[in-house]
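> kindly generate the corresponding structure for this input.
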Amino acid sequence: MVYQAAENRYQSMKYNRSGRSGLLLPAISLGLWHNFGGVDSFENGRGMLRRAFDLGITHFDLANNYGPPAGSAEEMFGRMIKSDFAPYRDEMIISTKAGYYMWPGPYGDWGSKKYLTASLDQSLKRMGIDYVDIFYSHRPDPNTPLEETMSALDSIVRQGKALYVGISNYNAEQTAEAINILTQLGTPLFIHQPRYSMFNRWIEGGLQDVLQENGVGSIAFSPLAQGLLTNKYLTGIPADSRAAKSTGFLQKDQVTAEVMARVQKLNEIAAERGQSLSQMALAWVLRGGKVTSVLIGASKVSQIEENVAVLNNLDFSDEELARIEDVLNS
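Predicted coordinates:
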């Protein structure tokens, strides 16, 4: 059956301007880090991507090594563009990244101009598109001059292979330097993608100030702390959860009694707000307008629907914020 996007897809989604750029991003974006690889069900991924777009999610975030195996998430998304999304390409923001290990040898990792340029060329082939909307340096390279990495991003934009550039996992000092270099080159930094959640607040220690002062947007990844800030672990570790997998980023030893006591208290606050814990956690990341978008992951359609429903209640009272702080600091 030929896919036709929902006619009302833009009626409920909230779109935020990314820094001082001209581009609006959906408050909720979908990441393909997990569950869209070659080992996963294509039809399940297809159902999630279709539903996401029908709900107004226009931004789809990838990286060269997403899978597994590495590269297969981009291949899956490329199949989706060809089979379902081709008529809607100009309504979408597609991003990808390079900076972590992708292929053997000295040119398949970190931040050299050789690696970033070659990696994006491979990504474009896997997705079957001429350009991405955002291309990121996925992490800073301690052994490559920042000028070289930023020059690669500038060159990629000038070649028409990306419209905007971003960085991910850079600290405040590195970000400020990257902003200065890119501004001088004439390709301003568009967006920063940091890890940020109730349980990981490092960006509040200076990075958010740098971004605000320089008009750079941000999109938070892992806003649900790899699933800890959901109701999934309230009664134990489910067999099909990330914490149950030996290869996952969330390990069993992170699901401690102390952490779960906080989760339980946060869940009670969320219930009083008429929200699920995951909805409140996403709203908290978006509070105050400092974060442009939250990057969610999903393994089934219902999770996307639940997370998008956060838009029905994004506001917090001072009392609610104080109670959340008390829990997080306990």
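
> go ahead and flag the most central residue of this protein.
In the chain, the centroid-proximal residue (Cα atoms, centre = their mean) is Leu295; its distance is 3.5 Å.

> need the pLDDT of that one.
Note on Leu295: pLDDT of 98.

> wait, a strand at it?
Yes. When classified by DSSP: H, G, I helix; E, B strand; the rest coil, Leu295 is found to be part of a strand.

> quick one, what contacts it?
29-31, 61, 193, 219-223 (Cβ atoms under 8 Å, 6 or more residues apart in numbering). Using the backbone N, CA and C atoms, a C-beta is placed for each residue, glycine as well.

> and it, how close does it get to Ser218?
Here Leu295 is placed at a distance of 10 Å from Ser218 (Cβ to Cβ, to the nearest Å).

> now Gln303
23 Å.

> quick one: which of those two has more around it?
Ser218 (23 against 17; other Cβ atoms under 10 Å).

> element containing the more buried one?
strand 217-221 (DSSP states H and E).

> just how off-centre is that strand within its chain?
7 Å (Cα atoms, centre = their mean, to the nearest Å).

> report all helices and strands that the helix or strand just after that strand contacts.
Next in sequence after strand 217-221, counting helices and strands by DSSP H and E, comes helix 257-272. Applying 3 or more Cβ pairs under 8 Å, 6 or more residues apart in numbering; DSSP states H and E, we find helix 257-272 packed against helix 277-286, helix 318-328.

> and these, which is most packed in?
helix 277-286 (a mean of 24; mean count of other Cβ atoms under 10 Å).

> the residue nearest to Ser278 when sequence neighbours are not counted: neighbour count?
Distance criterion Cβ to Cβ, 6 or more residues apart in numbering; nearest residue to Ser278, sequence neighbours excluded, is Thr230 at 4.4 Å. Neighbour count of Thr230, defined by other Cβ under 10 Å: 21.

> my read: Thr230 touches Gln275, true?
No. Between Thr230 and Gln275 there is no contact under Cβ atoms under 8 Å: 11.7 Å.

> find the residues that touch each one of the two.
Between them, Thr230 and Gln275 share no contacting residue under Cβ under 8 Å, 6+ apart.

> may I have the secondary structure class of Pro188?
Applying three-state DSSP: Pro188 is coil.

> skipping adjacent residues, who's closest to it in space?
The nearest residue in space to Pro188 (Cβ to Cβ, 6+ apart) is Leu182, at 5.9 Å.

> now do the same contact list for the one you found.
Here Leu182 is in contact with 150, 153-154, 165, 188-189 (Cβ under 8 Å, 6+ apart).

> before we move on, what about Gly217?
With Cβ under 8 Å, 6+ apart, Gly217 has these contacts: 16-19, 21, 25, 190-192, 211, 292-293.

> let's see 10 Å
Counting by Cβ atoms under 10 Å, 6 or more residues apart in numbering, Gly217 touches 16-21, 23, 25, 164, 166, 189-193, 211, 290-293.
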